[in-house]
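Chemist: Build me a model from this:
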Amino acid sequence: MKYQLKCRSGGQAGTRVAEVRGVTAVSLWAVALIVLLPVLVLQSGGGHVSAALALQGVVVVHTGVALTRVLTGTRVRLVALGFWVFAYIWFGLAPLAMLATDAYPWAYRAGEGTSLMAVAVVELGLLAHSAGTAVAARRELARTARPHSTPPGPVERLLSRRLAPWRVVALCGLALALAVVVIPAQQGGIEAYFTSRQALREAGAMDASQDAFLQALRNWSLSVPAFWALLGLLRLPTRPRGDRLLRGLRRLLLPLLLALNVVVNNPVSKPRFWAGTVLLTLLFAVPRLSRPRAFRVIAATVMAAVLLVFPYSDYFRYSDREQVAVVSLAEQFTTNGDYDAFQQVQTGIDYARDKGFSPTDALGAPLFLVPRSVWPDKPKDTGIALAEWAGYDFLNLSAPLWIESYLWAGPPAVALVFFLLGTVGRRMDDVRHRLRDRRGSLAPLLVPAFGFYQMIFLRGSLLGIVGPLTLLMTVPLLVTARTARTSRLPSALPAAPTPHASIPGTGGHP
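Modeler: I've put the predicted structure just below:
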């Protein structure tokens, strides 16, 4: 729905077209997310009524309303989409099924008091995230009203960096050189990347003698540069009559980088979340697909895929594959270890009662490169620590950010972490919106990459994903350059068109 506004700024009158959410779309999504899906989950439940289940209803409504706002919004909010899809499914619907049936993926059982506390901790994180988002939105409105009085913040300076063509070409060369060295050295060769993640590990892709984060870092040292090389190459700011050498190299490298990404970033040998991040980032890098209408269609498809396809997409995870059996959503949530996030929060709360809080554990992620030989008391992977404490034989479990932060310093740490996450996430979405049409800008590339990888970050554990996350966020810094400081433009009025300047030595343009 659109309407026109008359506005006056700097003595000049202008007319802009403002969009509002369609009532029909909002109503349909709200009914589906807040009523139909929860009822579908509960109808196969065992009728286990408790205070925790009642409070969980509040979480479902909170996440459903927030996700409805994202799915029907007039702006593209990729970071918000990733957060609320994860929150709605993993901490909305899945705990609803677990609490209603008193059935969980793993053997550990928490008491009623722990379950109620777990739901409260989850809701605290969601409230803090919403508060952080609201604060960032208000600050954005204030900046828009005074575009020339507020200097760019660190997030805007980062996202306004621009691709440097020859740095991108150098990264392409580095990725291909790494592939020439790493892939033939892999036991089983290129075929190992099309078998299963289990076979890839057994073939020697990961050295069990190293720390988990170093294992992950080595495993991703080819995948992440290959992904960014392809993404940067696709978004190089070139003109038809620009640098012929650069255009020729681009045509030569594109098929090579596409083939390399098919090998090292396919969903057979890589986690589903990462394969999805690669695919969705590439999709939203296409300007036409990053517009609001296309975003709403793709976002709805992503929501349906995560809800209905994700549980069955681990078919290639193990070498011994079982026949796929389609079951109800409630059974998926209560039997599939992929949805153990809420149960891990329960386990972590009991673990904290037994062991106490450990603020120094917060240093484990930022100092992940420090070897244990230098730091003997370096924090253990939280998912593994909780699994060992609960007496599991299988240790590869998640540790959601909710329980990671709770184990540092209790509820205040949860509130602080999620407030900051909400603030930064909204800031990233706002800056991406402002720079969306600036070709060569880092914002349209890094924001979707972080937005969807955020789901792995939220699921945890931090030590298990900090290596790939560090690569994901630092590699683009190597292929971009700072831009000259520019004044802010109010988002309420369109900016006057400016001529495109050529990139020195390439003939490209922004």
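
Chemist: any idea how far Val286 is from Leu407?
Modeler: Computed as CB to CB, to the nearest Å, the Leu407 to Val286 distance reads 41 Å. From N, CA and C alone the C-beta is placed, and that goes for glycine too.

Chemist: More neighbours: the two, which one.
Modeler: Leu407 (26 against 13; other CB atoms under 10 Å).

Chemist: The more buried one in helix, strand or coil?
Modeler: helix (DSSP: H, G, I helix; E, B strand; the rest coil).

Chemist: you'd agree it is up against Pro379?
Modeler: No - taking CB atoms under 8 Å as the definition, Leu407 is not a contact partner of Pro379, at 9.5 Å.

Chemist: residues shared between the contacts of these two?
Modeler: Counting by CB atoms under 8 Å, 6 or more residues apart in numbering, the common neighbours of Leu407 and Pro379 are 358, 361.

Chemist: Excluding sequence neighbours, find me the nearest residue to the most centrally placed residue in the chain.
Modeler: Closest residue to the average C-alpha location of the chain: Gln454 at 2.2 Å, with CA atoms, centre = their mean. Computed as CB to CB, 6 or more residues apart in numbering, the closest residue to Gln454 that is not its neighbour in sequence is Gly82, at 4.4 Å.

Chemist: Sketch out the low-pLDDT regions of the stretch 51-200 of the chain for me.
Modeler: Low-confidence segments of the stretch 51-200 of the chain (pLDDT under 70): 147-150, 187-188, 196-200.

Chemist: Would you mark the buried spots in the helix or strand in which Leu463 is found?
Modeler: Using DSSP states H and E, Leu463 sits within helix 462-478. For helix 462-478, burial by neighbour count (16 or more other CB atoms under 10 Å) applies to 462-472, 475-476.

Chemist: residues of stretch 302-309 that come out buried?
Modeler: Buried, per 16+ other CB under 10 Å, within stretch 302-309: 302-303, 306-307.

Chemist: Equivalent analysis for stretch 274-290, please.
Modeler: Residues 274-278, 280-282, 284-285, 289-290 are the ones in stretch 274-290 that count as buried (16+ other CB under 10 Å).

Chemist: Quick one: neighbours of Pro135, just the number.
Modeler: One thing to correct before we go on: residue 135 is Val, not Pro. By other CB under 10 Å, the residues close to Val135 number 15.

Chemist: wait, it sits on Thr423?
Modeler: Yes - if you go by CB under 8 Å, Val135 and Thr423 touch, sitting 6.0 Å apart.

Chemist: In strands only, show me the buried residues of stretch 302-309.
Modeler: Counting by DSSP state E, no part of those is found in strands.

Chemist: Could I get these in a markdown table, plus columns for distance to Met98 and pLDDT?
Modeler: Conversion of the buried residues of stretch 302-309 to a markdown table gives the following (distance: CB to CB, whole Å; pLDDT from 0 to 100):
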| residue | distance to Met98 | pLDDT |
| --- | --- | --- |
| Val302 | 24 | 89 |
| Met303 | 21 | 89 |
| Val306 | 18 | 87 |
| Leu307 | 16 | 87 |
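
Chemist: and of those, the nearest to Thr24?
Modeler: Thr24 lies nearest to Met303 out of those, by CB to CB, at 17.6 Å.

Chemist: Check the gap between the closest one and Phe86 for me.
Modeler: Distance of Met303 to Phe86, given as CB to CB: 11 Å.

Chemist: Equivalent analysis for Val262, please.
Modeler: If you go by CB to CB, the gap between Val262 and Phe86 works out to 27 Å.

Chemist: Likewise for Ala415?
Modeler: 19 Å.

Chemist: Neighbour count: the two, which is higher?
Modeler: When neighbours are counted by other CB under 10 Å, Ala415 and Phe86 differ, and Phe86 comes out ahead with 25 against 19.

Chemist: which SSE is that one in?
Modeler: helix 78-88.

Chemist: Downstream of that helix, the next helix or strand is which one?
Modeler: Per DSSP H and E, the first helix or strand lying C-terminal to helix 78-88 is helix 94-101.

Chemist: and the angle from that next one to helix 78-88?
Modeler: Computed by axes from the mean of the first three to the mean of the last three CA atoms, to 10 degrees, the angle separating helix 94-101 from helix 78-88 equals 10 degrees.

Chemist: So which other helices or strands are in contact with the helix holding Phe86?
Modeler: Secondary-structure packing of helix 78-88 (3 or more CB pairs under 8 Å, 6 or more residues apart in numbering; DSSP states H and E): helix 51-71, helix 112-145, helix 292-308, helix 411-434, helix 443-459.

Chemist: Nearest to Arg235, out of those?
Modeler: Judged by CB to CB, the one of those that comes nearest to Arg235 is helix 443-459, at 6.2 Å.

Chemist: angle of the closest one against helix 78-88?
Modeler: If you take the same axes, to 10 degrees, helix 443-459 sits at 20 degrees to helix 78-88.

Chemist: Averaged pLDDT, helix 443-459. What do you get?
Modeler: Averaging pLDDT along helix 443-459 gives 92.

Chemist: cool, and stretch 422-432?
Modeler: So the average pLDDT for stretch 422-432 ends up being 94.

Chemist: And stretch 246-254, by the same measure?
Modeler: On average, the pLDDT along stretch 246-254 is 87.
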